[in-house]
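>>> Return a 3D structure for these sequence lines:
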Amino acid sequence: MRGRQRRFQIGLLLLASQLYQAGLNNIPPATLAVLGLNVYLFLFPAAPLMETCVSVQETYRLRDWRRLLLSPVHHADDFHLYFNMVSFLVKGIRLEQRLGSAWFFYMLSVFSLLVGVVYLGLEAALTELTHDQSHSMDCVVGFSGVIFALKVLSNHYHRGGVTYVLGYPVSNCYASWVELVLIHITAPETSLIGHLSGILVGLLYTTGPLEKMMKMCAGRRSQREAPPLVYGFRLSEEELRSRRLRRFDS
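As a prediction, the model looks like this:
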């Protein structure tokens, strides 16, 4: 128990050190809020870990859909949290400054949900193809799938650049795929399918229909939430029409 508590403190201290070096004033609001949510739910989880992870068995077959919301923001241990949040911090600052806080937060919300959905689809397909039920039982938590989606997006905005992986320059076009393989080799306990799901969601945004769909949904919502206002009061279409008619009658 003492060893676990000491390790717990080390992970949080390392993360606090990174935040101090970055400077809280230099972290955009959406990135800071999401990072804070992950830390808070690590300290005060919404449910036990085995009740927040996503798997075909627990989420789809048992219809426990809340796991799609809880899984990305819960972590297995302090170092899992530390590595994910440090990686997210770098990408979050860069992307939020480019996209704006409102759109970045909206994008994170969509990515968090879609990564879980894609993960369920891939694991269900593997179960059918291999007739191996272990794929349906694999249960994952953590923000790393979303981070892989952000890697794809960040690399898309810097296509001509390179990313250094283990000291070797790799074109940004292939960096996410190289990191996917290397992480699986060096840390086989991580979820290859979970990370792959993040890459696929990122590609749906950069080369597929996801960005257009998100813009359409955001446009429709803004139209619904912003009807015509006169002196601070909302007017219905009938009231506007009657006012126009009275103006012409006069």
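
>>> which parts of the helix or strand hosting residue 95 are buried?
For residue 95, the host element (DSSP states H and E) is helix 78-99. Judged by neighbour count (16 or more other C-beta atoms under 10 Å), helix 78-99 contains these buried residues: 78, 80-89, 91-96, 99. For every residue, glycine as well, the C-beta is placed using N, CA and C.

>>> Next: stretch 191-198.
Quick answer for stretch 191-198 (16+ other C-beta under 10 Å): 191, 193-198.

>>> okay but residue 199 is in contact with residue 148, surely?
Yes: applying C-beta atoms under 8 Å as the test, residue 199 and residue 148 come out as touching, 5.2 Å apart.

>>> These two: who's more crowded?
Neighbours were counted for residue 199 and for residue 148 using other C-beta atoms under 10 Å; residue 148 has more, 26 against 20.

>>> Make sure the more buried one is actually in contact with residue 191.
No: counting by C-beta under 8 Å, residue 148 sits too far from residue 191 to count as a contact (10.6 Å).

>>> intersection of neighbour lists for residue 199 and residue 148?
Shared contacts of residue 199 and residue 148, defined by C-beta atoms under 8 Å, 6 or more residues apart in numbering, are found at 176, 180.

>>> show me where this structure has helices.
2-22, 29-43, 67-70, 78-99, 101-130, 134-137, 144-157, 172-186, 192-206, 210-225, 237-249 (DSSP state H).

>>> among the helices and strands of this protein, which has the poorest mean pLDDT?
strand 229-230 (a mean of 38; mean pLDDT, DSSP states H and E).

>>> sorry, back to before: now, of the helices of the chain, which is deepest in the fold?
Of all the helices of the chain, helix 144-157 carries the top mean neighbour count, a mean of 24, counting by mean count of other C-beta atoms under 10 Å.

>>> how about that one as PDB, C-alpha atoms only?
C-alpha atoms of helix 144-157 as PDB (Å, rounded to 0.1, in the frame of the first residue of the first chain):
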ATOM      1  CA  SER A 144      -4.600   8.000 -25.600                       C
ATOM      2  CA  GLY A 145      -7.000   7.300 -28.400                       C
ATOM      3  CA  VAL A 146      -8.100  10.900 -28.500                       C
ATOM      4  CA  ILE A 147      -4.400  11.900 -28.400                       C
ATOM      5  CA  PHE A 148      -3.700   9.800 -31.400                       C
ATOM      6  CA  ALA A 149      -6.500  11.500 -33.300                       C
ATOM      7  CA  LEU A 150      -4.900  14.900 -32.300                       C
ATOM      8  CA  LYS A 151      -1.600  13.600 -33.600                       C
ATOM      9  CA  VAL A 152      -3.100  13.000 -37.000                       C
ATOM     10  CA  LEU A 153      -4.700  16.400 -37.000                       C
ATOM     11  CA  SER A 154      -1.500  18.200 -35.900                       C
ATOM     12  CA  ASN A 155       0.600  16.300 -38.500                       C
ATOM     13  CA  HIS A 156      -2.000  17.200 -41.200                       C
ATOM     14  CA  TYR A 157      -1.500  20.900 -40.400                       C
END
